[in-house]
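# How does the following fold in three dimensions:
(2 chains)
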2 protein chains.
Amino acid sequence: MNAEPILAPHRSVRVFLPVPLPEGMLERIVREAQRAPTDATAQMYSFVRVTSGELRRRIAEFSGEQSHVADAAEFLVVCADLHRLEAVLASRGRGLGTYPATGLHFAIVDASLAAQRLVDAAEALGLGTVCIGGILNGVEELVGLLALPRGVLPLFGVCLGQPGEAPVERPRVALASVLHTDRYRGQTPEAIEADVASMAAITRSRDWVEVLVRYFAWGGTMEQREGALRRVLDQQGFAC
Amino acid sequence: MNAEPILAPHRSVRVFLPVPLPEGMLERIVREAQRAPTDATAQMYSFVRVTSGELRRRIAEFSGEQSHVADAAEFLVVCADLHRLEAVLASRGRGLGTYPATGLHFAIVDASLAAQRLVDAAEALGLGTVCIGGILNGVEELVGLLALPRGVLPLFGVCLGQPGEAPVERPRVALASVLHTDRYRGQTPEAIEADVASMAAITRSRDWVEVLVRYFAWGGTMEQREGALRRVLDQQGFAC
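Numbers count the residues shown, from 1 in each chain, chains lettered A, B, ... in the order given. This is a model prediction of the structure:
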C-alpha cells in the first residue's frame, strides 16, 4: 500500500523563532482557510488575531502557562460565529430562528473546518502550528477580553510561526479504530491494548492512559471546564 | 500581495464518475486525516464508511434528495466520538467524568479538524469532495442505521470520488469580515452590503440572503432540525 504522506507533515510546535511572518502571509493563509467548505454558504466563524502583548500573556497564563501563546509570531482565537450571520439577516429585516443546539453544531463544525484548512496551509508554507484547547480554562474572561458579542463562542487558539524546534511525529491510534464500515464497531480488548501500546510514545511517562485520565476522567480538566463553558454558552445564546 | 492559492482548490463537487477509488487510496487519505491536531491526544472521532447501497440511498433521501450521497465512490459519516475514549479509560478501571458541554465541544472540534484534513488530502490527490450537512435531517434514524452507541454523534457526511463536473470557485465574504484584531468588531452596513454583493454569485437567484433565510431564519431548515438533534444529544449523552 502507498503510505506516502499527502500533505505537509503536522507536528505540534511549541517553540517558535522570534521573527514575524513575512508581509501578507497571514492574510494569504486566512484567505486559504476561507476556501474550506461551509454549511449552507454561511461561513459561521471568525478569527480574532491577538497582537497585544498584554492580552497574549494573560491568555497564555490561564491556558496553563503555555509560553508559546505569548511568543509565537501569530496567535488566533478561532470562534464559532452566528453574530455576523444575524447581522446579514437583520439587514433585510429577517431574524435568526431559535435553534441553539443546531446553531452550535454547525458553527463549531464550520469554524473547525476553516481552522484546519488554515493549519494545513500554514504547514504547507513551512510554518509551525499548535492548537490551544487550554483557552477554555479562561473562557468567561476571554469573552470579555475579546469583546465577543452574543452569538460568538471561542473554540480554541492557534499559534503560528517559524518553528524553533523539530518535534518527531507523534503516534495515532490504529486506522481500524477510527474507520468503521456501515455500522459502528466497538473496540475489542485487543484493539484497545494495541492503541495504548502505540500511543505510549506520546507521553514522557510512556502511559497514554495517564494523560487521558488527567484530562477526561472524574475530576479531570474537562470537568473543571464544564461550569464556565455552560455559563458562556448560556450568555452567548447557545444554551438549549 | 501574493494571493496564490496554497492548497489544492476546494470546490464542492456534486457529480462523480462511476469509478471506485484506486486500491488503498481511502485508507491513505484517512491516515492523513488522523495526522490532524487532536485535543489532549484523545482523537475523539470516528468515520463510518457507508458501502451498502440501500443505506446510501436512504441517507441520500432524508438528506434532501442528494443523489451524490448514493453515487459517489465513497461516503463517510463524520462522528464526534467519546465512546472509544470511554472504552480506553474503562480498560484501566477509570470512568469518563461528567461534562456533556465540554465533551461535545472538544469532540466536534476534533472530528471536524480530522475531516477537513481528510478533505484537503483528497483534493490534493485530485478527488472531488462535498460535505453533507443534510444528514442532520434524519439524525435520529441515522443513529439507528449506523448503530452508533452512546457517546457518538453524527456531524456531517463527506462524499469522495473522481469529479464528474468542474464547478467554478464559489465566492466567500471579505477577509476583513472573518479576521478581527484583538477585539471583535461588528460589521458596518457597508461591509454587509459588500459581502451580500460578493456572495450573489453563489446562488442562481443572485440573492445570497434568500439562501440564508431558507436555512437560518424563523421556520427555516435549522429550526426544523432542532428537535431531533436535541433528542439525539440527550440519547447519546451530550445533553447538559
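# so residue A:92 makes contact with residue B:209?
Yes: contact criterion CB atoms under 8 Å: residue A:92 and residue B:209 qualify, at 5.0 Å. The way it works is simple: take the backbone N, C-alpha and C, and place the C-beta from them, glycine included.
# Compare the two and say which is more crowded by neighbours.
residue B:209 (20 against 14; other CB atoms under 10 Å in any protein chain shown).
# Show me which positions of the helix or strand hosting the more buried one end up buried.
Under the criterion of DSSP states H and E, residue B:209 resides in helix B:208-216. Of the residues in helix B:208-216, B:208-209, B:211-213, B:215-216 count as buried by neighbour count, 16 or more other CB atoms under 10 Å in any protein chain shown.
# could you pick out which of these are near chain A?
When CB under 8 Å from any CB of the partner chain is applied, the members of the buried residues of helix B:208-216 adjacent to chain A are B:208-209, B:211-213, B:215-216.
# So which residues of chain A form strands?
A:45-49, A:74-81, A:128-132, A:152-161, A:179-181 (DSSP state E).
# partners of the longest one in the sheet?
Applying DSSP bridges, strand A:152-161 is found paired with strand A:74-81 (antiparallel), strand A:128-132 (antiparallel).
# Put the alpha carbons of the last one into PDB.
Coordinates of the C-alpha atoms in strand A:128-132 are reproduced here as PDB (Å, rounded to 0.1, in the frame of the first residue of the first chain):
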ATOM      1  CA  GLY A 128       4.900  25.500  12.700                       C
ATOM      2  CA  THR A 129       1.500  25.500  14.400                       C
ATOM      3  CA  VAL A 130      -0.100  24.300  17.600                       C
ATOM      4  CA  CYS A 131      -3.800  24.300  18.600                       C
ATOM      5  CA  ILE A 132      -4.600  25.500  22.200                       C
END
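# gap between the closest residue to residue A:96 other than its chain neighbours and residue A:45?
The shortest distance from residue A:96 to any non-neighbouring residue, by CB to CB, 6 or more residues apart in numbering or on different chains, is to residue A:86 (4.8 Å). From residue A:86 across to residue A:45, the span is 14 Å (CB to CB, to the nearest Å).
# Neighbour count for those two, which is higher?
Using other CB under 10 Å as the criterion, residue A:86 and residue A:45 rank with residue A:45 on top: 27 against 20.
# Is the more buried one in contact with residue A:116, as I believe?
No: counting by CB under 8 Å, residue A:45 does not reach residue A:116; the two are 11.5 Å apart.
# list the residues that contact both of those two?
Here residue A:45 and residue A:116 have no joint contacts, going by CB atoms under 8 Å, 6 or more residues apart in numbering or on different chains.
# Ok, which of the strands paired with strand A:152-161 comes nearest residue B:184?
Proximity to residue B:184 (CB to CB) singles out strand A:74-81 among the strands paired with strand A:152-161, at 7.8 Å.
# Strand A:45-49 and the closest one, what's the angle between them?
Using axes from the mean of the first three to the mean of the last three CA atoms, to 10 degrees, the inter-axis angle of strand A:74-81 relative to strand A:45-49 is 150 degrees.
# quick one: average pLDDT of strand A:74-81?
Mean pLDDT, computed over strand A:74-81, is 98.
# Report the buried residues of it.
Under the neighbour-count criterion of 16+ other CB under 10 Å, strand A:74-81 has A:74-81 buried.
# Look at the spatially closest residue to residue A:134 that is not a sequence neighbour and say how many residues are nearby.
Leaving aside its sequence neighbours, residue A:134 sits nearest to residue A:63 (CB to CB, 6+ apart; 3.4 Å). Residues lying near residue A:63 (other CB under 10 Å) number 21.
# Read off the pLDDT value for residue A:63.
Per-residue confidence at residue A:63 stands at 97 (pLDDT).
# so who does it touch?
Residues near residue A:63 by CB under 8 Å, 6+ apart: A:69, A:132, A:134-135, A:137-138, A:157.
# And residue A:102, by the same measure?
Contact analysis of residue A:102 by CB under 8 Å, 6+ apart lists B:136, B:222-223, B:225-226, B:229.
# So which residues of chain A form helices?
A:25-34, A:53-62, A:67-71, A:83-90, A:100-124, A:139-145, A:175-178, A:189-199, A:208-216, A:221-235 (DSSP state H).
# any idea how far the longest one is from the chain center?
The reference is to helix A:100-124. 8 Å (CA atoms, centre = their mean, to the nearest Å).
# what does the shortest one give?
Chain-centre distance of helix A:175-178: 22 Å, with CA atoms, centre = their mean.
# helices or strands next to that helix in the packing?
With contacts taken as 3 or more CB pairs under 8 Å, 6 or more residues apart in numbering or on different chains; DSSP states H and E, helix A:175-178 sits against helix A:189-199, helix B:25-34, strand B:45-49.
# And those: which comes nearest residue B:146?
So among the helices and strands packed on helix A:175-178, strand B:45-49 is nearest, using CB to CB, at 5.1 Å.
# Which elements pack onto that closest one?
Counting contacts by 3+ CB pairs under 8 Å, 6+ apart, strand B:45-49 packs against helix A:175-178, strand A:179-181, helix B:25-34, strand B:74-81, helix B:100-124.
# With distance to residue A:4 added, can I get these in a markdown table?
Formatted as a markdown table, those follow (distance: least, CB to CB, whole Å):
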| stretch | distance to residue A:4 |
| --- | --- |
| helix A:175-178 | 15 |
| strand A:179-181 | 19 |
| helix B:25-34 | 8 |
| strand B:74-81 | 19 |
| helix B:100-124 | 11 |
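# between those, which gets nearest to residue A:148?
For those, proximity to residue A:148 was assessed by CB to CB; helix B:100-124 is nearest, at 15.3 Å.
# So which residue is dead centre in chain A?
Against the mean C-alpha coordinate of chain A, by CA atoms, centre = their mean, the closest residue is residue A:156 at 4.0 Å.
# what are the bridge partners for it, then?
Applying DSSP bridges, one finds that residue A:156 bridges with residue A:78.
# Surely it touches residue A:78?
Yes: between residue A:156 and residue A:78 there is a contact under CB under 8 Å: 5.6 Å.
# Now do the shared contacts for the two.
Shared contacts of residue A:156 and residue A:78, defined by CB under 8 Å, 6+ apart, are found at residue A:115.
# before we move on, the earlier item: state the pair within the buried residues of strand A:74-81 that is farthest apart.
Greatest spacing in the buried residues of strand A:74-81, by CB to CB: A:74 and A:80 (20.2 Å).
# measure the residue of chain A positioned farthest from its centre to residue B:209 for me?
Using CA atoms, centre = their mean, the residue of chain A lying farthest from its centre is residue A:93. It sits 33.7 Å away. To residue B:209, residue A:93 is 10 Å away according to CB to CB.
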